[in-house]
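>>> Sharing a sequence plus its predicted fold:
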Amino acid sequence: MIDYAEDVSEQIAWLIKSAENNYVQAQALLASHYASGEFVPQDDEKAVEWLTRAAENGDNDSQARLAFRFYSGAGVTQDYEKAVEWYTKAAENNHAGAQSCLANCYYMGTGIEQDYQKAVEWYLKAAENNRVSAQACLGVCYYEGNGVPQDYAQAIEWWKKAVENGHKPSQMQLGDCYANGEGVEKDMEEAQKWYDMAK
């Protein structure tokens, strides 16, 4: 008979040894196990410790996950400035989720001085990496004229890209544009089509 508990314990021991030897994927995986309590007792402190080591070793997913922990206060003291620091590192390493979150920080002025133009720059990078929420946010930036000149046609273009990727709130935005004739000719029938799709 196979003793699965012993087998898992042995695998975790090897994982810890690999992580201690600076193998980044092992550090990130160990952080996930400690965060979830899968195969090891759940331990936020150890999760953050291993996540930090993986992040410091350049793993962009770990950088983004660590940023989120600082942003939300999950297992650490909430610290928006540290969140921005780690989101920036992950974003510069082309992590689309971090690019979008960093853009949100710039847009809202959370952990960093509010800067709509920087927000647009990061939304654009994330949108080009197919981050749907960033595509929708770019639509809002163009619609409101935040960080870019107000341009309803550009707003519609970004909302349509977001819709193509399944973003329902953008369907409502498009409906509003057609209902109000913003960036398109006023067309209540077309507006209703978008509203119905959003249901």
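In hand now; what should we look at?

>>> Every contact and neighbour count from this point should use C-alpha atoms.
Noted.

>>> Just the pLDDT for Met1.
Looking at Met1, its pLDDT reads 37.

>>> same question, Ala136
The model's pLDDT for Ala136 equals 98.

>>> need the contact list for the spatially most central residue of the chain.
Taking C-alpha atoms, centre = their mean, the centroid of the chain lies closest to Gly97, which sits 2.8 Å from it. Neighbouring residues of Gly97 by C-alpha atoms under 8 Å, 6 or more residues apart in numbering: Ala64, Ala91, Ala126, Arg131.

>>> In JSON lines: those residues, plus pLDDT and secondary structure.
Formatted as JSON lines, those follow (pLDDT from 0 to 100; DSSP: H, G, I helix; E, B strand; the rest coil):
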{"residue": "Ala64", "pLDDT": "98", "secondary structure": "helix"}
{"residue": "Ala91", "pLDDT": "98", "secondary structure": "helix"}
{"residue": "Ala126", "pLDDT": "98", "secondary structure": "helix"}
{"residue": "Arg131", "pLDDT": "96", "secondary structure": "coil"}
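
>>> Among those residues, which one has the most neighbours?
Highest neighbour count within the contacts of Gly97, by other C-alpha atoms under 10 Å: Ala64, with 29 neighbours.

>>> so which strand or helix has Ala54?
According to DSSP states H and E, Ala54 maps onto helix 44-56.

>>> which other helices and strands contact that helix?
Helix 44-56 makes packing contacts with helix 24-36, helix 60-72 when contacts are defined by 3 or more C-alpha pairs under 8 Å, 6 or more residues apart in numbering; DSSP states H and E.

>>> Pick the most buried one from those.
helix 60-72 (a mean of 24; mean count of other C-alpha atoms under 10 Å).

>>> so it versus helix 44-56, what angle?
130 degrees (axes from the mean of the first three to the mean of the last three C-alpha atoms, to 10 degrees).

>>> Give me the contact list for helix 60-72.
With C-alpha under 8 Å, 6+ apart, helix 60-72 has contacts from 28, 48, 51-52, 54-56, 74-80, 82-87, 89-91, 93-95, 97-98.
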